[in-house]
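In: below are the sequence and a predicted model for it; my questions follow.
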Amino acid sequence: MSRRQSTSGLSGLEERVTLASTSTVAQPSVLESLQGRQVGRLKPELVDKQGRIMLKNLTKAELLMWLEQQGERPQRVNHLWRWMYFKDNWIRDLDETHGRQNGFGLDFRRSFKRKATLDGGLQLLSTHKAADGTCKMLFKLKDQQVAGAIETVLIPVTREGSLRPRTTLCVSSQVGCAMNCQFCYTGRMGLRAQLSTAQIVEQVVEAMRLASREFEAAALGLPGAAPLPPITNIVFMGMGEPLHNLPAVLSAVDILCDGTGLQFSHNKVTVSTVGLVPQLRHFVQNSPAQLAVSLHATTDEVRKKIVPVNRKWPLESLIGSLRELFPRNPAKSHPRHVLIEYVMLRDVNDSLEDAHRLVELMQDVECKINLIMFNPHEGTQFTASSMEQVEAFRDIIMQARRVCTIRDSRGDDEMAACGQLGSLEEAPAWLLA
C-alpha cells in the first residue's frame, strides 16, 4: 500500500483535528431535547425512519420523562427498563412478552408500536472466533448508507490465580475514526459515521444475547459449543475516538451502569481517548466511569508524528490536565486514577530513555500504565518491540514504584486485536512522513 504525503493531506488532517476539538460538549442533552417536544420534533438521531423514538437512545431519567409525556404512570419506566436490559430479557419487541409473567397488555403494545421502538439501529452480520477464544462481531447500520462494518470484540480473560474467568467487551463509538493515529488500522479509514447512543448500547445487548446462546448451547452439549465467561468489563476501545462522540458516549455509559438494568459497575467501564483535552475534562467532571489516555510517546516530536492530534493539544496541555484531574496522593487508599495506554513500537518510542521520561511525565499523576504489544496490519510502517525490550521498559517503570502491566495480544489471527479493527475498501487516510 503506497504512502501518501502532500500539503493538501496535512490541511485535511488539520480540518479533522479541528472537527474533533469542536465536538459538541455543550449540546443539549436528550433530556433537554425532550422537554416540551413531540416525538416528530426530536433530533433525527433519536428516531427511526418512521419517526418513532428509539428508546435505547434514552437514559432511564429520559425514558421516564418521555413516558410521562405520553400520559403513562411513572411505574411504567421500571417495567420497560427491565424487559429491555435485565438479565436474560433483552427483548427486541414488546410482543415477545406476550403470555409471559409481567408482560405487556395488548392495548399498550399496539399504542407503543405507533410511537416507539426497541430497535438498536444495528444488524448483526456475522461473528468470527479466533484461536484464543476472542470473538469479533460485525454489524451494519440499519437505515444508513455507510461503508464499512461496526466491529465489537468479546475477549475472554482467564489467568492463573484469578478468582474467576471473565469477559471484557470492547465496543465501538464511531464507524472509522478521524484521529489518523499512524499505527492504527481503524484510523486509516477516516471518520465515516457517528454512532448513536442506541447503536452503542445495542452492541452490548447483542453481546449479552450471544453469550447467553453460547451458554445454552454448551449446556445442551452441542458440538463445538464453548461458553463465554460472564461479561464484566466494558471498554470503549473499539472503532473511533469516544470523546469525539461525547454526548452519545456519556448517555451510553449512564445506561450501561444503571443498577436496575445491565448493572455494570462504573469501575468496570473504561472510556479511552487519544487526548481531546476539553472533552477529556468534561468527561471526568460528568461521569464516574474510568478514563484511559492513549499516550504512546514521551516527546512532542515523536507524538505529533504518530498521534496527529498532539499538534493541537501537545503533551504540556494533556499532562497538565491529568495532573489537575488525577493528582497523585499516596495518602489516599483508593484514589481515582487514569489508565495510561502506550503501544510499543520498535525504534520509535520504546527506548529505555522513553521509559524514564514516562516516569517523569507521570510523576504527579495518579495512574496505572498499560504497555500494549503492537499488532501488525496491512500497509503498516511499524514493527512490534521485542518482548525483551518491553519487559525492560516495564521494569524501569516498576522500579519507580508505579503500577505497569503488559497487555496480551488477543484475537490477532482474526484482525480482532487492539489497533486492527476496520476495513479499507475505500480510499484510506494518508500516512504522514
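Out: Received the coordinates, thanks. Numbering: from 1, shown residues only.

In: now I372: which helix or strand?
Out: Per DSSP states H and E, I372 falls inside strand 367-373.

In: so what are the sheet partners of that strand and their directions?
Out: When pairing is defined by DSSP bridges, strand 367-373 lines up against strand 338-344 (parallel), strand 404-407 (parallel).

In: mean neighbour count, those: which tops it?
Out: Mean neighbour count (mean count of other CB atoms under 10 Å) peaks for strand 338-344 among the strands paired with strand 367-373, with a mean of 23. Yep, even glycine has a C-beta here, placed from its N, CA and C like the rest.

In: re the thing from before, now the strands paired with strand 367-373 in TSV, with mean pLDDT?
Out: Shown next, in TSV, are the strands paired with strand 367-373 (pLDDT from 0 to 100):
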stretch	mean pLDDT
strand 338-344	98
strand 404-407	93
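
In: how many residues are close by L63?
Out: By other CB atoms under 10 Å, 25 other residues sit near L63.

In: SS state for the residue nearest to it when sequence neighbours are not counted?
Out: Spatial nearest neighbour of L63, excluding adjacent residues (CB to CB, 6 or more residues apart in numbering): V77 at 5.4 Å. Using DSSP: H, G, I helix; E, B strand; the rest coil, the structure places V77 in helix.

In: distance-wise, check the residue nearest to the spatial centre of the chain relative to T299.
Out: Computing the C-alpha centroid of the chain and ranking residues by CA atoms, centre = their mean puts F236 first, at 1.8 Å. To T299, F236 is 27 Å away according to CB to CB, to the nearest Å.

In: ok, L228 - contacts?
Out: For L228, the contact set (CB atoms under 8 Å, 6 or more residues apart in numbering) comprises G133, C135, L154, P156, T167, L210, A211, E214, F215.

In: residue most distant from the centroid, the chain?
Out: No residue in the chain sits farther from the centre than D107, which is 38.1 Å out by CA atoms, centre = their mean.

In: list the buried ones in the strand holding I372?
Out: C367, I369, N370, L371, I372, M373 (16 or more other CB atoms under 10 Å).

In: any idea how far R166 is from the spatially closest residue to the fourth one that is not a sequence neighbour?
Out: Sequence neighbours aside, I406 is the residue nearest to L371 in space, at 4.9 Å (criterion: CB to CB, 6+ apart). From I406 over to R166 the distance is 18 Å, taken as CB to CB.

In: residue ranges with poor pLDDT in the protein?
Out: The model of the chain has pLDDT under 70 over residues 1-44, 159-163, 409-433.

In: just the CA trace of the longest helix anywhere in it, in PDB.
Out: Secondary structure of the chain per DSSP state H: the longest helix is helix 197-219. The C-alpha atoms that make up helix 197-219 are tabulated as PDB, following Å, rounded to 0.1, in the frame of the first residue of the first chain:
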ATOM      1  CA  THR A 197     -26.400   6.000  22.000                       C
ATOM      2  CA  ALA A 198     -28.800   3.300  20.900                       C
ATOM      3  CA  GLN A 199     -26.200   1.800  18.500                       C
ATOM      4  CA  ILE A 200     -23.500   1.800  21.200                       C
ATOM      5  CA  VAL A 201     -25.800   0.200  23.800                       C
ATOM      6  CA  GLU A 202     -27.100  -2.400  21.200                       C
ATOM      7  CA  GLN A 203     -23.500  -3.700  20.800                       C
ATOM      8  CA  VAL A 204     -23.600  -4.600  24.500                       C
ATOM      9  CA  VAL A 205     -27.100  -6.100  24.400                       C
ATOM     10  CA  GLU A 206     -26.300  -8.200  21.400                       C
ATOM     11  CA  ALA A 207     -23.100  -9.400  23.000                       C
ATOM     12  CA  MET A 208     -25.100 -10.400  26.100                       C
ATOM     13  CA  ARG A 209     -27.500 -12.300  23.800                       C
ATOM     14  CA  LEU A 210     -24.600 -14.100  22.100                       C
ATOM     15  CA  ALA A 211     -23.000 -15.100  25.400                       C
ATOM     16  CA  SER A 212     -26.400 -16.400  26.600                       C
ATOM     17  CA  ARG A 213     -26.800 -18.500  23.400                       C
ATOM     18  CA  GLU A 214     -23.200 -19.900  23.800                       C
ATOM     19  CA  PHE A 215     -24.000 -20.900  27.400                       C
ATOM     20  CA  GLU A 216     -27.200 -22.600  26.400                       C
ATOM     21  CA  ALA A 217     -25.500 -24.500  23.500                       C
ATOM     22  CA  ALA A 218     -22.800 -25.700  25.900                       C
ATOM     23  CA  ALA A 219     -25.400 -26.800  28.400                       C
END
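
In: please renumber so the chain begins at 34
Out: OK, 34 is where the count begins now, so the last one is helix 230-252.

In: ok, residues contacting whatever helix or strand V326 lives in?
Out: Take DSSP H and E as the rule and V326 turns out to sit in strand 323-327. By CB under 8 Å, 6+ apart, the residues outside strand 323-327 that reach it are 214, 268, 270, 299-300, 302-308, 313, 316-317, 340, 351, 355, 371-374, 376, 403.

In: now swap in stretch 330-341 and tell me
Out: The contact list for stretch 330-341 (CB under 8 Å, 6+ apart) reads 46, 50, 212-216, 307-308, 327-329, 343-344, 347-348, 378, 381-382, 387, 390-391, 394, 465-466.

In: can you give me the distance of the closest residue to H410 other than its chain neighbours to G138?
Out: What sits nearest to H410 in space, not counting adjacent residues and going by CB to CB, 6+ apart, is Y218, at 4.3 Å. Plainly put, Y218 is 49 Å away from G138 if you go by CB to CB.
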